[in-house]
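> Using only what follows, build the 3D model:
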Amino acid sequence: MLSPRIRRLKLDHEMLFQRFAGWPLIRIVGTAGMPPELYRFQYLVRGLYVAPDGAILERNDHLLEVNLSLGYPRRAPQCRMLTPVFHPNFDDSSVCIGDFWAASEGLDDLIIRIGRMITYQEYNTKSPLNGLAAKWAAQNNHLLPVDTRAIAPPLPGETPVPLADKDMPDSSISAPPAAIPVAQAAMKQPPAPEVSSGDDPWEQKIVIP
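Numbering: from 1, shown residues only. Okay, here's the model as predicted:
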């Protein structure tokens with residue numbers, strides 16, 4: 001008889017592949033385990049990152065790794081970005097989901113919510129992981145969100161809402177001059193390269209569907 005955790009992992013796997021099948025904004029690009037306990041998701045949405053010169057620029061391709069620990073679903077999934085992101089609720093090692101995670105929430109809903117966070121459709125400046133990003137977001141909320149498309153796949157019979165050109169911000173957003181040196185010190189990393197099969201550190205562990 002399957003344990004409650006294994007049953008949950010199987011249900012998550014079925015729901016994820018069913019919900020995101022053919023959806024261009026969120027893709028499952030890797031799994032490990034059977035049923036999977038580790039996932040990689042690719043988001044093809046607009047987000048922000050800090051360039052080496054301190055400028056806040058757009059990025060249209062993001063990789064998220066989700067690890068479902070032995071305590072899952074009682075404990076929240078361990079989520080971290082593999083590509084750089086500038087957001088109040090992200091840092092180099094984690095994504096802040098503790099404020100809204102519950103064992104009853106589906107993993108597919110969590111993945112959609114993180115996509116909304118990347119695009120600044122959702123953010124919390126009150127208890128940030130990145131204080132600089134929280135300050136920037138509070139000062140520049142007129143530029144947000146950076147991508148207004150519906151992140152969730154449409155329900156059967158629905159049509160995705162197109163993104164009008166007038167709703168899109170400029171392709172480059174400059175940080176206020178005083179924030180640039182702080183941004184450089186806070187991030188201390190150049191934009192991560194695109195992951196390819198030749199240099200993927202998880203190449204031996206990830207099963208590409």
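
> measure the spatially closest residue to His87 that is not a sequence neighbour to Leu48 for me?
Nearest non-adjacent residue to His87, counting by C-beta to C-beta, 6 or more residues apart in numbering: Ala133, 5.4 Å away. C-beta here means a position set from N, CA and C on the backbone, and glycine is covered the same way. Applying C-beta to C-beta, to the nearest Å, the value for Ala133 to Leu48 is 8 Å.

> Look at the two and report which has more neighbours.
Neighbours per residue, other C-beta atoms under 10 Å: of Ala133 and Leu48, the larger number sits with Ala133, 27 against 24.

> pretty sure that one contacts Pro84?
No: contact criterion C-beta atoms under 8 Å: Ala133 and Pro84 do not qualify, at 11.6 Å.

> Enumerate the positions of the host helix or strand of the residue nearest to His87 that are buried.
Assigned by DSSP states H and E, Ala133 falls within helix 131-139. Of all the residues in helix 131-139, those buried under the rule 16 or more other C-beta atoms under 10 Å are 132-137.

> what does stretch 14-25 give?
Using 16+ other C-beta under 10 Å as the test for burial, stretch 14-25 gives 16, 19-20, 23, 25.

> in these, which two residues are the furthest apart from each other?
Leu16 and Leu25 (14.1 Å; C-beta to C-beta).

> if we can go back for a sec, give me the helices and strands touching the helix holding Ala133, please.
Under the contact definition 3 or more C-beta pairs under 8 Å, 6 or more residues apart in numbering; DSSP states H and E, helix 131-139 sits against helix 180-187.

> Kindly recompute the last result at 10 Å.
strand 47-50, strand 56-59, helix 180-187 (3 or more C-beta pairs under 10 Å, 6 or more residues apart in numbering; DSSP states H and E).

> which phi and psi does Arg116 have?
Dihedral angles of Arg116 (phi, psi; degrees, to the nearest 10) stand at phi -70, psi -30.

> no no, Arg27
Phi and psi for Arg27, reported as degrees, to the nearest 10, are phi -130, psi 140.

> so what's the closest residue to it other than its chain neighbours up against?
Of all residues not flanking Arg27 in the chain, Gln42 sits nearest, at 4.5 Å (C-beta to C-beta, 6+ apart). Applying C-beta atoms under 10 Å, 6 or more residues apart in numbering, we find Gln42 in contact with 25-30, 61-64, 82-83, 195.

> May I have the helix holding Ala133 as CSV, with CA atoms only?
The C-alpha trace of helix 131-139 is given here as CSV (Å, rounded to 0.1, in the frame of the first residue of the first chain):
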residue,chain,number,x,y,z
GLY,A,131,15.8,44.4,1.1
LEU,A,132,17.2,46.3,-1.9
ALA,A,133,14.6,44.8,-4.2
ALA,A,134,11.8,45.6,-1.7
LYS,A,135,13.0,49.3,-1.5
TRP,A,136,13.2,49.5,-5.3
ALA,A,137,9.7,47.9,-5.8
ALA,A,138,8.2,50.4,-3.3
GLN,A,139,9.7,53.3,-5.1
